[in-house]
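Enquirer: quick one, structure for this:
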Amino acid sequence: MRGLVERFGRTGFAAISSVIWLLPMAAWAGSADLSPIDKSATPSIAFGIGVVMLVVWLALVASLGRFPVSKRQRRFDIVQMSSAEKRWTLACLAFALGLIAWLNGAATVDWGPLGSAIAAGKIGPILLAIGLAVFLVAMVAGVVLTWRRETEAYHRRPST
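Expert: Modelled structure (predicted):
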């Protein structure tokens with residue numbers, strides 16, 4: 001753990017390690033709507049695992065202060081980030097969350113009725129499909145653009 005904290009800094013390690021509770025919670029959110037239909041789906045198990053892993057993650061984050069960290073440049077150390085880096089990183093995270101939300105929706109929705117309605121030439125479903133495609137393209141383009149801008153801001157950061 002000391003090596004990971006040294007490599008990523010306290011902030012970066014906390015962000016990366018948050019995946020240990022984020023994934024079970026995402027599984028719970030994705031399966032919660034299936035439980036009434038499919039009685040074999042038990043979202044309470046994923047929720048329980050997520051809560052336990054959240055407690056483990058909080059203990060990890062609380063213990064980060066005891067690890068010494070050398071003074072050097074770290075890309076995702078909030079203390080070292082310029083305001084431009086923070087702004088572009090936040091924008092990139094917002095677009096990434098939008099993309100993840102789109103993917104989660106795409107994975108959990110039955111697309112059969114939409115395909116049938118589009119094949120029947122109904123304008124509402126066609127506009128919905130176009131809107132979903134535009135949203136997907138906007139999220140991907142947003143991630144790419146903001147990541148590039150964040151990288152440029154990082155390279156302009158003065159050395160410590």
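
Enquirer: show me what the helix or strand where residue 51 lies is packed against.
Expert: If you go by DSSP states H and E, residue 51 is part of helix 43-62. Contacts defined by 3 or more CB pairs under 8 Å, 6 or more residues apart in numbering; DSSP states H and E place helix 43-62 against helix 2-17, helix 19-32. From N, CA and C alone the C-beta is placed, and that goes for glycine too.

Enquirer: against residue 78, how distant is residue 65?
Expert: Taking CB to CB, to the nearest Å as the measure, residue 65 falls 15 Å from residue 78.

Enquirer: apologies, that question was intended for residue 112.
Expert: Distance from residue 112 to residue 78, by CB to CB: 45 Å.

Enquirer: these two: who's more crowded?
Expert: Between residue 112 and residue 78, counted using other CB atoms under 10 Å, the more crowded position is residue 78 (15 against 8).

Enquirer: could you grab the helix/strand/coil label for the more buried one?
Expert: Per DSSP: H, G, I helix; E, B strand; the rest coil, the local secondary structure of residue 78 is coil.

Enquirer: and it, backbone torsions?
Expert: Taking degrees, to the nearest 10, you get phi -60, psi -40 for the backbone angles of residue 78.

Enquirer: gap between it and residue 22?
Expert: Distance, residue 78 to residue 22, using CB to CB: 19 Å.

Enquirer: how many neighbours does residue 122 have?
Expert: If we define neighbours as other CB under 10 Å, then residue 122 has 13 of them.

Enquirer: typo on my end, residue 13
Expert: Per other CB under 10 Å, the neighbour tally for residue 13 reads 22.

Enquirer: give me the element residue 157 is part of.
Expert: For residue 157, there is no host helix or strand (DSSP H and E).

Enquirer: centre of the chain versus the longest helix along the chain, how much separation?
Expert: The longest helix of the chain (DSSP state H) is helix 123-155. Here helix 123-155 shows a centroid-to-chain-centroid distance of 15 Å under the convention CA atoms, centre = their mean, to the nearest Å.

Enquirer: buried ones in it?
Expert: 125, 139, 142-143, 146-147, 149-150, 153-154 (16 or more other CB atoms under 10 Å).
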